[in-house]
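Asker: need coordinates for the below:
(one chain, ligands or ions: 1)
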Amino acid sequence: MSILDNRPELRAEIEKVAEVAGYLWQKGWAERNGGNITVNVTRFVDDTMMAMPAISEPRPIGKTLPDLKGCWFYCKGTGKRMRDLAREPMANGSIIRITPDCAHYEIVADSPVSPTSELPSHLAVHGYLLAKGSPYRASLHTHPIELVALTHSPKWMEKDAATRMLWSMIPETKAFCPRGLGIVPYMLPSSVELADATIKAIDEDYDVVMWEKHGVFAVDTDIMDAFDQVDVLNKAAQIYISAKNMGFEPEGMTDAQMHELSTVFGLPK
Ligand SMILES: [Zn+2]
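Answerer: Residues are numbered from 1 along each chain as shown. Next comes the predicted model:
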């Protein structure tokens, strides 16, 4: 028995997570247990699910997040591999609910798989999104090779320097990632400082935030859209690097071409 049985909408959402996990592995962005996915699945929870007993004791989140009252999440399991999650999402992740005090969570299904150690920061982001009235329900952390490589040069760590270059590589980049790439300087993985800096960057209106010498954190309506934004940006980085490998600096689209694109497609200038 799985909590996904007879819940086609919830199942479809978890199958999207599994599909994306497979892409992350295939792209080489998810070595070992690298990367994290959390999805707010509250809108798929029915009365029967609400009444289900927990299969774990309540565990502290580490902070109190009042915006998450009554919320349910799918979370990748701690130490689990994306390539395994792609085949068996409910054996490599679990569905949790936030307890009424908004300071604990309990695992409800399907197995007592402990959520990612990044849970507090992911939940803090979800809380921020809900408080803002955002329609975004998915968050993704992964290690896209070419985007991470860029951050090893201070030139691309300047605010919006990487965004301008990436947008100019191919018109679709700005069309499908219109808010660009936020930049967060190196901070210790899993730290409160990194979580706070990420939320600050999302608040500045970025959907994809680059963590220097580490990876990206992306948010969007669902996990497929979050993946697509990262994929589009990394493709642009690959084009830049391919040109450099051919021995020249890529020209990039001109400012006039970028302006025309933004005008015709109604993108932010
Ligand atoms: Zn990471």
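Asker: check the offset of the strand or helix carrying residue 107 from the chain's centre.
Answerer: In this assignment (DSSP states H and E), residue 107 forms part of strand 104-109. Here strand 104-109 is found 21 Å from its chain centre; the criterion is CA atoms, centre = their mean, to the nearest Å.
Asker: contacts for the helix or strand just after that strand next, please.
Answerer: Next helix or strand after strand 104-109 toward the C-terminus (DSSP H and E): helix 119-132. The contact list for helix 119-132, computed with CB atoms under 8 Å, 6 or more residues apart in numbering, reads 36, 38, 40, 61-63, 65-68, 71, 73, 75, 98, 105, 116, 136-137, 139, 141, 190, 192, 194-195, 198-199, 202-203, 217, 219. Quick note: C-beta positions are derived from backbone N, CA and C, even for glycine.
Asker: report the buried residues of helix 119-132.
Answerer: Residues 119-130 are the ones in helix 119-132 that count as buried (16 or more other CB atoms under 10 Å).
Asker: quick revisit: from the contacts of helix 119-132, which land in strands?
Answerer: Among these, the ones falling in strands (DSSP state E) are 36, 38, 40, 73, 75, 98, 105, 139, 141, 217, 219.
Asker: picking up where we left off before, nearest to residue 24 among the buried residues of helix 119-132?
Answerer: residue 122 (15.7 Å; CB to CB).
Asker: picking that back up, show me which of the contacts of helix 119-132 are buried.
Answerer: In the contacts of helix 119-132, the ones that pass as buried (16+ other CB under 10 Å) are 36, 38, 40, 61, 65, 67-68, 71, 73, 75, 98, 105, 116, 136-137, 139, 141, 194-195, 198-199, 202, 217, 219.
Asker: max-length helix in the chain?
Answerer: helix 223-245 (DSSP state H).
Asker: I figured residue 72 hits residue 43, correct?
Answerer: No. Judged on CB atoms under 8 Å, residue 72 makes no contact with residue 43 at a distance of 9.0 Å.
Asker: the two: which has the busier surroundings?
Answerer: residue 72 (22 against 11; other CB atoms under 10 Å).
Asker: ok, which stretches of the stretch 151-269 of the chain are helices?
Answerer: 161-167, 172-176, 192-203, 223-245, 255-265 (DSSP state H, counting those that start in this stretch).
Asker: from the chain's centre, how far out does the third one sit?
Answerer: Here helix 192-203 is found 13 Å from its chain centre; the criterion is CA atoms, centre = their mean.
Asker: ok, and what's touching it?
Answerer: With CB under 8 Å, 6+ apart, helix 192-203 has contacts from 120-121, 124-125, 128-129, 132, 182-185, 187-188, 209, 211, 217, 219.
Asker: next: the longest one.
Answerer: Where contact means CB under 8 Å, 6+ apart, the residues beyond helix 223-245 that reach it are 16-17, 19-20, 23-24, 27, 37, 39, 138-140, 142, 144-147, 149-150, 165-167, 169-170, 172-173, 176-177, 181, 207-208, 216, 218-220, 249-250.
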